[in-house]
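Q: below: sequence and its predicted model.
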Amino acid sequence: MTNNQNKNEIIKVCLLAGKIMIQSGAETHRVEDTMMRIASSFGSRDSQSYVTPTGILFSIEGTEATNFVRISERSTDLHKVTVVNSISRQITSGELTLIEANRLLKEVDAKTHTYSIFIQVLAASIVSGCFTIMFQGQWTDFIPALIVGGIGFASMVYFHRIVEIQFFAEFLASLIIGSLALLFIHLDIGQELDKIIIGSVMPLVPGLLITNAVRDLMAGHLVSGLSKGAEAFLTAFAIGAGIAVAFSFI
């Protein structure tokens, strides 16, 4: 392998690792640190990386051309982040070659979510019921919250596939949650409307996004921190707006 080919392979591995991590919900500083550690392990100790939620800039040397990767889709899959971190540690310890690391990262990138949609909806249902009880709801509200939360999360996944804008998916899902919660109360199946709604919307709340925004701001990544904070605010606003519209029907 020539020197130029070696540099190109290093760039490919670093960019692929960064792309997987940022798409899976990793913090910006973690992504930059991982990319630079991988490059350093393969002999490029002057690498520079600049990561935002929508793109990655990377160069292995100051005189080399800067490479760019566009990030168009983001989700939450912390298992992928853990796997990439594990591969990075293996590279740092000298256990993997460039070719092996590239192959493993491509396998990780090709995998879909660890859990199926059915399992995710089931988990969201159980979480909704448990949050209702945690917020001092009645046990008679557990089943309504379980049903409403599951339907709300499933509708969010469905609408997000139809409309790529996350705001509308969150808005429509919360509108369905508010309407169903009102229906259960009207049918005397539940007792406390607020507890049912609070528990049901919790799977939609951007908790990881808020956490990453704060951590990026604390680490000095102001652009990423503010952009993630704005995204979290819009998501929270969509949830609140959907519930408010549902209440306007009363």
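A: Received, thanks.
Q: which positions in stretch 88-96 come out as buried?
A: 88, 91, 96 (16 or more other C-beta atoms under 10 Å). For every residue, glycine as well, the C-beta is placed using N, CA and C.
Q: revised request: answer the last question for stretch 151-159.
A: For stretch 151-159, burial by neighbour count (16+ other C-beta under 10 Å) applies to 151-156, 159.
Q: hmm, back to that, same list, the buried residues of stretch 88-96, but as TSV with pLDDT, secondary structure and distance to Leu105 please.
A: Listed next are these as TSV, based on pLDDT from 0 to 100; DSSP: H, G, I helix; E, B strand; the rest coil; distance: C-beta to C-beta, whole Å:
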residue	pLDDT	secondary structure	distance to Leu105
Ser88	92	helix	10
Ile91	91	helix	10
Leu96	86	coil	10
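Q: nearest to Ala213, of those residues?
A: Ala213 has its nearest neighbour among the buried residues of stretch 88-96 in Ser88, at 23.4 Å by C-beta to C-beta.
Q: helices of the protein, start to end?
A: Under the criterion DSSP state H, helices of the chain are mapped to 3-23, 28-41, 78-92, 98-110, 117-134, 142-162, 166-186, 193-201, 207-218, 222-247.
Q: what's the closest of those to Ser72?
A: Taking the helices of the chain one by one with C-beta to C-beta, helix 3-23 is closest: 8.9 Å.
Q: just want the angle from the closest one to helix 98-110.
A: 30 degrees (axes from the mean of the first three to the mean of the last three C-alpha atoms, to 10 degrees).
Q: in helix 3-23, what's buried?
A: 7, 9-23.
Q: what do you get for stretch 54-69?
A: By 16+ other C-beta under 10 Å, the buried positions in stretch 54-69 come out as 56, 58-60, 64, 67.
Q: and the furthest pair within these?
A: Longest span within the buried residues of stretch 54-69, C-beta to C-beta: Ile56 and Glu64, 15.4 Å.
Q: centroid-nearest residue for this structure?
A: For the chain, the residue sitting closest to the mean C-alpha position, by C-alpha atoms, centre = their mean, is Thr76 at 2.8 Å.
Q: test my guess that that one contacts Leu208.
A: Yes - proximity of Thr76 to Leu208 meets the contact threshold set by C-beta atoms under 8 Å, at 5.5 Å.
Q: any shared contact partners between these two?
A: By the contact definition C-beta atoms under 8 Å, 6 or more residues apart in numbering, Thr76 and Leu208 are jointly contacted by Gly25.
Q: just to revisit the earlier point, redo the helices of the chain as CSV? Include distance to Val51.
A: Output for the helices of the chain, formatted as CSV (distance: least, C-beta to C-beta, whole Å):
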stretch, distance to Val51
helix 3-23, 6
helix 28-41, 5
helix 78-92, 14
helix 98-110, 16
helix 117-134, 27
helix 142-162, 24
helix 166-186, 20
helix 193-201, 30
helix 207-218, 10
helix 222-247, 7
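Q: deepest in the core, which of those is it.
A: Greatest average neighbour count among these goes to helix 193-201 (a mean of 25), per mean count of other C-beta atoms under 10 Å.
Q: same for that one, what does it pack against?
A: Packing partners of helix 193-201 (3 or more C-beta pairs under 8 Å, 6 or more residues apart in numbering; DSSP states H and E): helix 117-134, helix 142-162, helix 166-186, helix 222-247.
Q: pull the number of nearby residues for the residue nearest to Ile10 when sequence neighbours are not counted.
A: Nearest non-adjacent residue to Ile10, counting by C-beta to C-beta, 6 or more residues apart in numbering: Phe42, 4.9 Å away. When neighbours are defined as other C-beta atoms under 10 Å, Phe42 has 21 of them.
Q: tell me the domain ranges of the chain?
A: According to automatic domain parsing, the chain comprises the domains 3-110, 117-247.
Q: roughly how far apart are the residue nearest to the centre of the chain and Ile22?
A: According to C-beta to C-beta, to the nearest Å, Thr76 stands 12 Å off from Ile22.
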